[in-house]
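**Q** Sequence first, predicted model second:
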Amino acid sequence: MKEGIIQQSLAGFYDVLSDGELYRTRGRGNFRQRGIKPMVGDHVEFDAPNNREGYLLEVLQRKNELVRPPITNVDLAVVVTAVREPIFSTNLLDRQLVALESQNITPIIYFSKTDLLSEEEFTHLQKSADGYQEIGYQVFYQKDPFGTTELAELQAALKDNISVVMGQTGAGKSTLLNHIAPQLQLETGEISQALQRGKHTTRKVSLLNIDGSLIADTPGFSSYEAFEMDVTKLPRYFPEFVELSVNCKFRGCLHLKEPGCAVKNALENGTILASRYKSYEQFHDLIVQQKPNYKK
Ligand SMILES: Nc1nc2c(ncn2[C@@H]2O[C@H](COP(=O)(O)OP(=O)(O)OP(=O)(O)O)[C@@H](O)[C@H]2O)c(=O)[nH]1
Ligand SMILES: [Zn+2]
């Protein structure tokens, strides 16, 4: 018996990557009865009696599961955030970060289109970037797009992980993917957008093996529906709050109106980004407001 990762799923076949070799497998009948649908990214056990062909025997426990693109066990997501066109919104970035934290996916922030900024605007962006770096996030950006050093660093960060690229439409996801993996030749820009969207529906999902980094060939996870979580869980998805909250007077402090709150203190002292706290308050309200309509 061997172990591997499903790299591609097509017409009932699962291509499994194991020790750098690809095996074409079929599911052993009882998956359907057991309600298991093997997915790209699954860690699997398989048998390959006929050299490169064989049978999937078991799907191992998943760490997470994305719907778009349909991939499991995602370790990293590169959050492509345009600093211009579309306009930079920390709120939207924070929203994506919370969605990723809640799925146990490590975010990597990539600021695109920094070449469109003036000196002054660029200095401003650097401050923001520093703030996110202090939280513990890896942040990539540069004055001129696609410097080779930055790209090598990003590629190193992706190594030995399963990664997806996410971000708003037009943020520069395809452009970045093309730099990470030129063999993709993804179409970019406005005219190709319509084509690409059409293609998404029929395209197979697969992971590209780029020198040991498994990267989804389809940008995705761009739609993060309304938060469906318990408000008491929200603070967990702000890493800088988690660190501070050990010093809050109350256990389970929501960092809102509670006295002796270490997060509020940090906010007043300017040691956390005010924009992050603002996002937190807003997401909190959003969750509370949607509760009455929340079916389940
Ligand atoms: N100046 C500049 N333009 C960029 C940069 N990155 C992307 N663009 C341009 O922005 C436009 C959108 O880029 P795409 O890579 O297609 O964006 P996307 O996120 O894949 O967009 P969707 O496919 O709609 O989700 C294209 O015209 C790119 O050439 C950058 O760093 N600087
Ligand atoms: Zn608190």
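**A** Looks like it arrived, so ask away. Ligands and ions are numbered 1, 2, ... in the order given.
**Q** Low-confidence stretches in the protein?
**A** Along the chain, the parts satisfying pLDDT under 70 run over 145, 189-204, 220-226, 291-296.
**Q** ok, and the closest non-adjacent residue to whichever residue of the stretch 51-200 of the chain sits closest to ligand 2?
**A** Residue nearest to ligand 2 within the stretch 51-200 of the chain: Ile135 (16.5 Å; Cβ to the ion). Glycine gets a C-beta too; all of them are placed from N, C-alpha and C. Counting by Cβ to Cβ, 6 or more residues apart in numbering, Ile135 lies nearest to Glu240, which is 4.8 Å off, once chain neighbours are set aside.
**Q** before we move on, the earlier item: could you report the separation of the residue of the stretch 51-200 of the chain closest to ligand 2 from Ile105?
**A** Going from Ile135 to Ile105 by Cβ to Cβ, to the nearest Å gives 15 Å.
**Q** Outline the domain layout of the chain.
**A** What automatic domain parsing lists as the domains of the chain is 2-59, 76-216, 231-293.
**Q** for this protein, what spans make up the strands?
**A** Ranges of strands in the chain, per DSSP state E, are 2-10, 13-18, 21-27, 43-50, 53-59, 76-82, 106-112, 138-140, 162-167, 207-210, 213-216.
**Q** Now do the same contact list for Ile5.
**A** Val16, Leu17, Ser18, Gly41, Asp42, His43, Val44, Asn73, Ile162, Leu207, Leu214 (Cβ atoms under 8 Å, 6 or more residues apart in numbering).
**Q** 10 Å instead?
**A** Applying Cβ atoms under 10 Å, 6 or more residues apart in numbering, we find Ile5 in contact with 15-18, 40-44, 60, 72-73, 162, 207, 209, 214.
**Q** The residues you listed: which two are farthest apart?
**A** Leu60 and Asn209 (19.4 Å; Cβ to Cβ).
**Q** Do I have it right that Gly252 meets Asp230?
**A** No - the pair Gly252 / Asp230 is not scored as a contact, 11.6 Å apart, by Cβ atoms under 10 Å.
**Q** Number of residues surrounding Glu243?
**A** 15 (other Cβ atoms under 10 Å).
**Q** To clarify, my last question referred to Tyr14.
**A** Count around Tyr14 with other Cβ under 10 Å applied: 25.
**Q** do Asp42 as well
**A** Other residues close to Asp42 by other Cβ under 10 Å number 24.
**Q** how about the residue nearest the centre of the chain, what does it touch?
**A** Compute the mean C-alpha point of the chain, and by Cα atoms, centre = their mean the closest residue is Ala77, 2.7 Å away. Counting by Cβ under 10 Å, 6+ apart, Ala77 touches 66, 96-97, 99-100, 103, 105-109, 162-167, 216, 220-221.
**Q** Would you mind giving me the ChimeraX syntax to select the buried ones in these?
**A** Those of the contacts of Ala77 that count as buried under 16 or more other Cβ atoms under 10 Å are selected in ChimeraX with:
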select :66,96,97,99,100,103,105,106,107,108,109,162,163,164,165,166,167,216,220,221
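**Q** Of the contacts of Ala77, which ones also sit close to ligand 1?
**A** Of the residues in the contacts of Ala77, proximity to ligand 1 by Cβ under 6 Å from any ligand atom holds for Gly167.
**Q** So Leu17 versus ligand 2, what's the distance?
**A** 45 Å (Cβ to the ion, to the nearest Å).
**Q** just checking, that residue touches Asp42?
**A** No - the pair Leu17 / Asp42 is not scored as a contact, 11.2 Å apart, by Cβ under 10 Å.
**Q** what do these two both touch?
**A** What both Leu17 and Asp42 touch, as defined by Cβ under 10 Å, 6+ apart, is the set Gly4, Ile5, Ile6.
**Q** Ala262: what's it in contact with?
**A** Contacts of Ala262 (Cβ under 10 Å, 6+ apart): Phe241, Glu243, Leu244, Ser245, Val246, Asn247, Cys248, Lys249, Cys253, His255.
**Q** Not including adjacent chain positions, what is the nearest residue to it?
**A** Asn247 (3.8 Å).
**Q** For the one you found, list the residues it contacts.
**A** Asn247 touches Cys253, Gly260, Cys261, Ala262, Val263, Asn265, Ala266, counting by Cβ under 10 Å, 6+ apart.
**Q** Run a quick neighbour tally on the fifth one.
**A** By that I understand Val263. Using other Cβ under 10 Å, the number of residues around Val263 comes to 26.
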